[in-house]
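> just need the structure, nothing else, for what follows:
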Amino acid sequence: MAAAGTTHEQVPVRVFGGPTALFDYGGLRFLTDPTFDAPGDYPREGSRVLTKTASSSGGPADLGRVDVVLLSHDEHPDNLDDSGRALLADVPLTLTTPDGGRRLGGEARGLADWEPVELDRPGGGTITVTGVPAVHGPGAREEVEPITGQVVGFVLTGEGLPTVYVSGDNASLDVVKEIAGRSGPVDTAILFAGAPRFPALFGGAPIVLDSAQAAEAAGILGARRVVPVHYEGWAHFTEGREDLVAAFTAAGLADRLDLGDQGDVGDVGDVGDQG
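A predicted model of the protein is given here:
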């Protein structure tokens, strides 16, 4: 159940492409998985190459103030690229996985499952950001993590504020059910989708939610709004905007789907910034 004293006012979200979105919450500005590098090939370990196919809709210089980066994981260039890494040096706090916190150092802090951190709001009060589970592939977490690494999601709550869930690169609906049981219903769910696949991994099964699973996750969470990210701009994303619209329409949830087109960054306004 939602905590007493919450509001269902929606949080404006600006989506930049890939997994990167900017939103204001309780007077603080949050950025998810910063990726602003140019299109091109980005080699990974072994022979695998990730190919970025489209530019972001803005760059770091367009963001304005960023108070907190919510980084689902630091190991993959489609979630944290060179421009994103440089940006972290100017951000007061980066919340990420326990392993990522150790690798990044500086102002990065790793969150274990269900570990909360309280952030002071301008004008008084606090925001609680809780690290929540995520599984970056199909199957049991202990089998997936050695292949694709740790991933963390986030739930944001605060007195007089809506509940926001940021999934990170999660492919598990069982995880979504666990989060819904502890934190639902959710006002805004920023769901990573796109059904990314690699033939050599997990038999080519999606390593993040596909469109139908994203719609199912919305129902599980009781989400009043879903802002999808991580579904365009990279060659390994196999489902895009039309697939998401079709899946949410088929599930009877088209009215909950918000593609996050908010115009200029300046249009992203504060929710609950009253102290």
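> which other helices and strands contact the one helix or strand residue 132 maps to?
Assigned by DSSP states H and E, residue 132 belongs to strand 126-133. Applying 3 or more C-beta pairs under 8 Å, 6 or more residues apart in numbering; DSSP states H and E, one finds that strand 126-133 contacts strand 116-120, strand 152-157, helix 173-183. C-beta here means a position set from N, CA and C on the backbone, and glycine is covered the same way.
> pick the most buried one from the ones you listed.
strand 152-157 (a mean of 25; mean count of other C-beta atoms under 10 Å).
> sheet partners, orientation included, of that one?
In the sheet, strand 152-157 lines up against strand 126-133 (antiparallel), strand 164-166 (antiparallel) (DSSP bridges).
> give me the contacts around it.
3, 6, 25, 30, 70, 72-73, 95-97, 100, 110-111, 127-134, 163-168, 170, 175, 179, 183, 186 (C-beta atoms under 8 Å, 6 or more residues apart in numbering).
> neighbours around residue 61, how many?
7 (other C-beta atoms under 10 Å).
> do the one 10 residues further on as well
Counted with other C-beta under 10 Å, the burial measure for residue 71 works out to 29 neighbours.
> that one against residue 99, yeah?
No: counting by C-beta atoms under 8 Å, residue 71 sits too far from residue 99 to count as a contact (11.7 Å).
> tell me which stretches of the stretch 1-150 of the chain form helices.
82-88, 98-104, 141-148 (DSSP state H, counting those that start in this stretch).
> JSON lines please, covering these and showing mean pLDDT and mean neighbour count.
Below are the helices of the stretch 1-150 of the chain laid out as JSON lines (pLDDT from 0 to 100; neighbours: other C-beta atoms under 10 Å):
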{"stretch": "helix 82-88", "mean pLDDT": "95", "mean neighbour count": "17"}
{"stretch": "helix 98-104", "mean pLDDT": "95", "mean neighbour count": "17"}
{"stretch": "helix 141-148", "mean pLDDT": "94", "mean neighbour count": "14"}
